[in-house]
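>>> Quick one, fold the following:
(chains A, B, C and D)
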There are 2 protein chains.
Amino acid sequence: MSDRRPVSNPLALAVLSLLYERPMHPYEMATTLREREKAESIKLRFGSLYSVIDRLEQEGLIRAGERIREGKRPERTVYHITEAGSVEMRDWLRELVSTPVKEYPQFEAALSLLPGLPPDEAIEMLELRGELLDGMIEQIDARHEQAANYGIPALFMIESDYRKRMLECERVWIRQLIEQMVEESWADIELLEGIPTWRQMHAERNGGDE
Amino acid sequence: MSDRRPVSNPLALAVLSLLYERPMHPYEMATTLREREKAESIKLRFGSLYSVIDRLEQEGLIRAGERIREGKRPERTVYHITEAGSVEMRDWLRELVSTPVKEYPQFEAALSLLPGLPPDEAIEMLELRGELLDGMIEQIDARHEQAANYGIPALFMIESDYRKRMLECERVWIRQLIEQMVEESWADIELLEGIPTWRQMHAERNGGDE
DNA sequence: TTCCGTATATTCGCTGACGAGTATACGGGG
DNA sequence: CCCCGTATACTCGTCAGCGAATATACGGAA
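Next up, the predicted model:
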């Protein structure tokens, strides 16, 4: 582990918070999480469910309770959260809310390697991304409107409101970047760089390669 | 694998883009990446370096060249990018730039489980996060100023400019969320929810638990 | 000359992640 | 009453990820 958390898979947090509400058996956890569409905002891989539950139990954060058989279906073990589990859940949540962690969005990686693409191609791809972002934002809007009609309270929508805001923000940033690149205003920054140099670099690469 | 990419570790993309510049041996790749502080924007775990290189070679994206011995140091294998490797690199980059992928920031998970925290605590943690974000933004500013003084061109700073913008955006969003929560304006949303109900839920939990 | 701290260069072993597979049970249609 | 598609419930094997250990070399100080 060496991890910050005793069981670091985010699925574990979801499990804890379900059991904090009420005891459940594993399969019910999976269906409940699916019903609530938690997988939209949390990285949940249900293939890891049973191993996560085992580790939570070993750490004493949950405990196995009744084994119930309904009809001729296989026995199901109902799990309960323990006191230590409740503490862990709250502590984990507090940490996640209060402390920004360094994450590595793939787009950031791409930006830092952007010179690996010829500039015109880069611009083209950025434009495409912009359009796709627009589409995603629209989709979220539609879902929000629908939710409002169903009377779902805003408290249940903060995650997606947050995501929407971030997408909008990225969208604006990209628009501005494209503008700058098209104006070649990179060249203003004096010194070696700027779009012309970048373009030249790729032009030279044609012919004398590996 | 079953992955979108033949070698999906982001370190592989970094390796490809280094070898696209010039042939190198593994340790040199590591030091170069460190020098350029690529680990700021790309998730690089150098423990995976050699296994990534092996897989890249197996996939025919790079090939081992000369084995060089300098002084009495151990032999080092210099790797070259292949044509297929260049293609893969460009294609991967194009995809990363053009196509937004669903990622799972931990904060989003926290937001979607926020009701697991009593509301006053939630507000407190959000305020703390806000302050920490301010600090991070200042740090980026400082680095940018320094870079400008050294005459480092803006092209080399886009990743961090992007990150800065995202942080600022999150900061604003959080400020607004706190405002709304403090005003209890969640209650406006009519129906079951709102801060009062949320608070009550946690109050009831004292005494009749697992 | 000898020491040792730091750089060089790589290997290894554990463990978590998770897709894909398995097996049984229910229930509705024919 | 039988069939089979879908839901229920879980297991397993593989494999990538990566921290930590290892080992040797260099070079400056004493």
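
>>> residue boundaries of the helices in chain A?
Secondary structure of chain A (DSSP state H): helices at A:10-21, A:26-35, A:49-58, A:83-98, A:106-112, A:119-149, A:158-182, A:195-204.

>>> Including distance to chain B and mean neighbour count, could these go into JSON lines?
(Each C-beta comes from the backbone N, C-alpha and C, glycine too.) Formatted as JSON lines, the helices of chain A follow (distance: least, CB to the nearest CB, whole Å; neighbours: other CB atoms under 10 Å in any protein chain shown):
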{"stretch": "helix A:10-21", "distance to chain B": "5", "mean neighbour count": "23"}
{"stretch": "helix A:26-35", "distance to chain B": "11", "mean neighbour count": "15"}
{"stretch": "helix A:49-58", "distance to chain B": "14", "mean neighbour count": "17"}
{"stretch": "helix A:83-98", "distance to chain B": "4", "mean neighbour count": "19"}
{"stretch": "helix A:106-112", "distance to chain B": "4", "mean neighbour count": "23"}
{"stretch": "helix A:119-149", "distance to chain B": "4", "mean neighbour count": "15"}
{"stretch": "helix A:158-182", "distance to chain B": "4", "mean neighbour count": "18"}
{"stretch": "helix A:195-204", "distance to chain B": "7", "mean neighbour count": "14"}
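
>>> so which of these gets nearest B:R4?
Of all the helices of chain A, helix A:106-112 sits nearest to B:R4, with 10.8 Å by CB to CB.

>>> pLDDT averaged over that closest one - what is it?
Taken as a whole, helix A:106-112 has an average pLDDT of 98.

>>> cool, stretch A:7-19 as well?
98.

>>> Any part of it near DNA strand D?
No - using CB under 7 Å from any atom of the strand, stretch A:7-19 never reaches DNA strand D; the gap is at least 11.3 Å.

>>> And the contacts of that stretch?
A:1, A:5, A:24, A:29, A:32-33, A:38, A:42-46, A:48-49, A:52-53, A:55-56, A:59, A:61-62, A:79-81, A:85-86, A:88-89, A:92-93, A:96, B:104, B:106, B:109, B:113, B:116 (CB atoms under 8 Å, 6 or more residues apart in numbering or on different chains).

>>> Dump it to CSV, keeping only the CA atoms.
Below are the C-alpha coordinates for stretch A:7-19, written out as CSV (Å, rounded to 0.1, in the frame of the first residue of the first chain):
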residue,chain,number,x,y,z
VAL,A,7,-7.8,0.9,0.9
SER,A,8,-7.1,3.5,-1.8
ASN,A,9,-9.4,2.4,-4.6
PRO,A,10,-12.1,5.1,-4.9
LEU,A,11,-14.6,2.2,-5.1
ALA,A,12,-13.8,1.7,-1.4
LEU,A,13,-15.0,5.2,-0.6
ALA,A,14,-18.2,4.6,-2.5
VAL,A,15,-18.7,1.3,-0.6
LEU,A,16,-18.1,3.0,2.7
SER,A,17,-20.6,5.7,2.0
LEU,A,18,-23.3,3.2,0.9
LEU,A,19,-22.8,1.2,4.1
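
>>> Now do the domain split for chain A, please.
A:10-98, A:106-204 (automatic domain parsing).

>>> got these as a markdown table, with distance to B:I178 columns?
Converted to a markdown table, the domains of chain A look like this (distance: least, CB to CB, whole Å):
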| stretch | distance to B:I178 |
| --- | --- |
| domain A:10-98 | 11 |
| domain A:106-204 | 12 |
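
>>> and these, which one is worst for confidence?
domain A:106-204 (a mean of 86).

>>> Now do that one: distance to the chain's middle.
17 Å (CA atoms, centre = their mean, to the nearest Å).

>>> and the end-to-end length of it?
The straight-line separation of the ends of domain A:106-204 (CA to CA, to the nearest Å) is 28 Å.

>>> what's the neighbour count on A:P105?
Each residue near A:P105 was counted by other CB atoms under 10 Å in any protein chain shown, and the total is 21.

>>> Now do the phi/psi pair for it.
Recorded main-chain torsions at A:P105 are phi -60, psi 140, according to degrees, to the nearest 10.

>>> quick one: contacts for it?
Here A:P105 is in contact with B:E103 (CB under 8 Å, 6+ apart).

>>> For it, give its distance to A:P153.
30 Å (CB to CB, to the nearest Å).

>>> now A:R94
In terms of CB to CB, A:R94 sits 23 Å off from A:P153.

>>> Next: A:A110.
37 Å.

>>> A:L56 is in contact with A:G85, correct?
Yes - taking CB atoms under 8 Å as the definition, A:G85 is a contact partner of A:L56 at 7.3 Å.

>>> so what sits against both of those two?
By CB under 8 Å, 6+ apart, the residues touching both A:G85 and A:L56 are A:16, A:62.

>>> Buried ones in stretch A:59-71, by neighbour count?
For stretch A:59-71, the neighbour count (16 or more other CB atoms under 10 Å in any protein chain shown) marks A:59, A:61-63 as buried.

>>> Next, the contact list for A:F107, please.
A:170, B:96-97, B:100, B:162.
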